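Participant: turn this into a model:
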Amino acid sequence: MSNFFSSSKELDERIGKKTKLLLLLIIFTFGIFVFIGSISHTAIKERHIPRLVISETNRALRGDILSKEGFKLAFSQKLYKAMVNTYNIDPDKKDLFIKLFSIYSGISEKTIRKRVSKKGNVVLSYSIDANRAKYLKELARKLRILKVFIPYEDKKGHIIKYGLSLTESGESRIFSYKDSFEPILGFMKKSEDDGFTRPIGVKGLEKSYQEALRPIQNGIVEGLRDIGNSIILDGNSFVKPPINGMTLLLNIPMSLQKSIEVVLQKAKRELQAKEIVAIVMDSKTGKIRAMATSNRFDPSHIRKRDYPSLNVTAIEYTYEPGSVIKPITFSLLLQNHRVNPYDIVRTYNGRYKLGRKIITDEHREEWMSAENVIVYSSNIGIAQLAQRLDGIDFIEGFKKFGFTQKTGIDLPYEHVGIMPNTLQMENEIYKATVGYGYGIRTTLIQLVCAYNAFNNNGRILEPKIVDTIIDHTGKRYQVESFTEPKQAITAATATQMNKILQKVVKKGTGKKARTEGLIIGGKTGTAHIASKKGGYAQLYNSTFIGFANDKKHRYTIGVLVREPKKPHSYYASQSAVPVFKQIVDVLVEQGELIPERSNP
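Facilitator: Below you'll find the predicted structure:
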């Protein structure tokens, strides 16, 4: 019996050992599964580990606009966004961060303190320029060394080690000389390009050359990161350089443009005018050497009062030009062999009735030679001579001079003006009024291009402000005219008109334009401004279009004085002509014209 109990006890012990071994095996096996699962989960789950290879986009910029001498009139610079995670700033060193960032950024400590009072990622500035951004990047490195930035654990258990970061946020357009060259340079609006703010041209050259100025290719830098999260530039890094937009080189010298702007600004005050506009064009090439106005604006800070000045008056303002049209009419008469300069024309002592219309002259004579009709600006004389042209000769002749058509100048929104149709031009009243500059609307640039024919063997040229487009390699592309020169009148007719216009300056209404040693010619025009209510207001536009030549240079120059209010200044001879003379003086001072000195 005792043997039985002994055997039973041994059996229980063996079963107990097996159970324990089985239990240990189960626990061990479960542990292995847990270990493998843990490793798999760690391997598979997304982890917050900084990338070893990083890349940065280096955005290309808009092209520059340069004066003839190479002065930068408009250029772009990058703007940077400065950000910091306030949780990363050591509370004991917060004041140090605020003080140093204020010094490096130029932003007041008060402003920085207010911004870093917020929790999390905070934008300290959206408009850090390139130079300050460079210094701030260096500051960020120094702040890490000083342990101003400390890591922290976010709600998801990720360790965040961010500090001060600077990223490209946009592009700023800089107009170096503020209001100078305006409004022909134009102004900008902002456009978003994948989170990057870019300027887009709205008016002026910035608009018309938008495609040439547009950035061509953004750059990319890719490589291993260092401890400061900056790219290590070595043999393994990849760099694709940015290609900026092309550069525009103008035909206009800075010195000439600014000097003429000063002349116009001063004359505007003296004449109490609404605006004074001037154009200087090289008669042989059509290159615009100056296009200036007294009414300018700073394109970086446009105010409500600047709105009327945003348009380019020289090409967008149409007006009845008055007597400056008379030489155009007279040249058509010469071209069609309807008049001889020495024909005698009765001018009725300054008062003449045509139909129901009374035409008057300031210069009262009973008789005049045909050319003196131009020299002394006789409305009566040209009204009668104009009857010798039929409607089609009038219309087609004016079109050959470029009226009612775009000149092709490289600016947007050019207006073409208006004139009566062929049928209307068969009427004697229309012939008379259009013949002396009413009933037709034109622009100053059209008048300058038309008069250029008198100084360039009868040819009309396409005016150009931009001379050359330069790409990123330095290769130059000459800006070509879209149209060939047009022969408005024969060279012989142009020569006759040139001499008559010289006589206007020597003996007639343009005497104040004379400059000794230069060949000067031109014609005055004083015209009432049509009222919106009908009829004509007691307001005037005064114009002088002419030329100034020496042995090597020939310039066609136009001056428009809008609504002068100084007593008697509405006469072009008292307003536009003296301004023309001052512009010629500037050309002489700057060596653009060299008067021939007479022998003592």
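Participant: centre of the chain versus stretch 568-575, how much separation?
Facilitator: Mean-position distance between stretch 568-575 and its chain equals 33 Å (CA atoms, centre = their mean, to the nearest Å).
Participant: three-state assignment of the residue nearest to Ser531 when sequence neighbours are not counted?
Facilitator: Leaving aside its sequence neighbours, Ser531 sits nearest to Ala537 (CB to CB, 6 or more residues apart in numbering; 4.3 Å). Glycine gets a C-beta too; all of them are placed from N, C-alpha and C. Under DSSP: H, G, I helix; E, B strand; the rest coil, Ala537 falls in the strand class.
Participant: correct me, but Ala537 touches Tyr570?
Facilitator: No: with contact taken as CB atoms under 8 Å, Ala537 and Tyr570 are classed as non-touching, separated by 11.6 Å.
Participant: please say which of the two ends up with more neighbours.
Facilitator: Tyr570 (22 against 12; other CB atoms under 10 Å).
Participant: residues touching that one, list them.
Facilitator: Thr526, Tyr540, Ser542, Pro564 (CB atoms under 8 Å, 6 or more residues apart in numbering).
Participant: if we can go back for a sec, mind checking how far the residue nearest to Ser531 is from Ile529?
Facilitator: Applying CB to CB, to the nearest Å, the value for Ala537 to Ile529 is 6 Å.
Participant: give me the number of residues near Ile260?
Facilitator: 25.
Participant: please apply the same query to Gln387.
Facilitator: If you count neighbours by other CB under 10 Å, Gln387 ends up with 13.
Participant: looks to me like it is in a helix.
Facilitator: Yes: assigned with three-state DSSP, Gln387 falls within a helix.
Participant: what sits against it?
Facilitator: Glu428, Lys431, Ala432.
Participant: going through those residues, which ones are buried?
Facilitator: Lys431, Ala432 (16 or more other CB atoms under 10 Å).
Participant: what residues of stretch 259-273 count as buried?
Facilitator: Neighbour-count burial for stretch 259-273 flags Ser259, Ile260, Glu261, Val263, Leu264, Ala267, Lys268, Leu271, Ala273 (criterion: 16+ other CB under 10 Å).
Participant: same check, this time on stretch 355-368
Facilitator: Ile359, Asp361, His363, Glu365, Met368.
Participant: among the contacts of Tyr570, which one is most surrounded by other residues?
Facilitator: Neighbour counts for the contacts of Tyr570 peak at Ser542, which has 29 neighbours (criterion: other CB under 10 Å).
Participant: quick one: the helix or strand encompassing that one to chain centroid distance?
Facilitator: In this structure, Ser542 sits in strand 536-549 according to DSSP states H and E. On the basis of CA atoms, centre = their mean, strand 536-549 sits 27 Å off its chain's mean C-alpha point.
Participant: extract the CA atoms of it and return them as CSV.
Facilitator: Output in CSV follows, covering the C-alpha atoms of strand 536-549 (Å, rounded to 0.1, in the frame of the first residue of the first chain):
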residue,chain,number,x,y,z
TYR,A,536,-15.9,124.5,-76.6
ALA,A,537,-14.8,125.5,-73.1
GLN,A,538,-12.5,128.4,-72.3
LEU,A,539,-9.7,125.9,-71.9
TYR,A,540,-6.8,125.2,-74.3
ASN,A,541,-4.2,122.7,-75.3
SER,A,542,-1.0,124.2,-76.7
THR,A,543,1.4,122.2,-78.9
PHE,A,544,4.7,122.7,-80.6
ILE,A,545,6.1,120.0,-82.9
GLY,A,546,9.4,120.5,-84.5
PHE,A,547,12.9,119.4,-85.1
ALA,A,548,16.4,120.4,-84.0
ASN,A,549,19.5,119.4,-86.1
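Participant: helix or strand next in line after that strand, which one?
Facilitator: Counting by DSSP H and E, what follows strand 536-549 is strand 554-562.
Participant: distance between that next one and the chain's centre?
Facilitator: Using CA atoms, centre = their mean, the offset of strand 554-562 from its chain centre is 22 Å.
Participant: could you find the closest non-adjacent residue to Phe394?
Facilitator: Excluding its sequence neighbours, the residue lying closest to Phe394 (CB to CB, 6+ apart) is Met425, at 4.7 Å.
Participant: quick check, nearest of the buried residues of stretch 355-368 to Asp467?
Facilitator: His363 (42.8 Å; CB to CB).
Participant: residues touching the closest one, list them.
Facilitator: Neighbours of His363 in contact, by CB under 8 Å, 6+ apart: Gly350, Tyr376, Ser377, Ser378.
Participant: apply 10 Å and report the result again.
Facilitator: Counting by CB atoms under 10 Å, 6 or more residues apart in numbering, His363 touches 347, 350, 372-373, 375-381, 508-509.
Participant: same check on Gly408?
Facilitator: Counting by CB under 10 Å, 6+ apart, Gly408 has contacts 286, 402, 414, 445, 449, 460-464, 481-483.
Participant: cool, Arg388 as well?
Facilitator: Leu332, Leu333, Asn336, His337, Arg338, Val339, Lys431.
Participant: partner strands of the strand holding Ser542 and their direction?
Facilitator: Under the criterion DSSP bridges, strand 536-549 sits next to strand 519-530 (antiparallel), strand 554-562 (antiparallel) in its sheet.
Participant: for Ile358, which non-adjacent residue is spatially closest?
Facilitator: Ile358 sits nearest to Arg351 (CB to CB, 6+ apart), 6.8 Å away.
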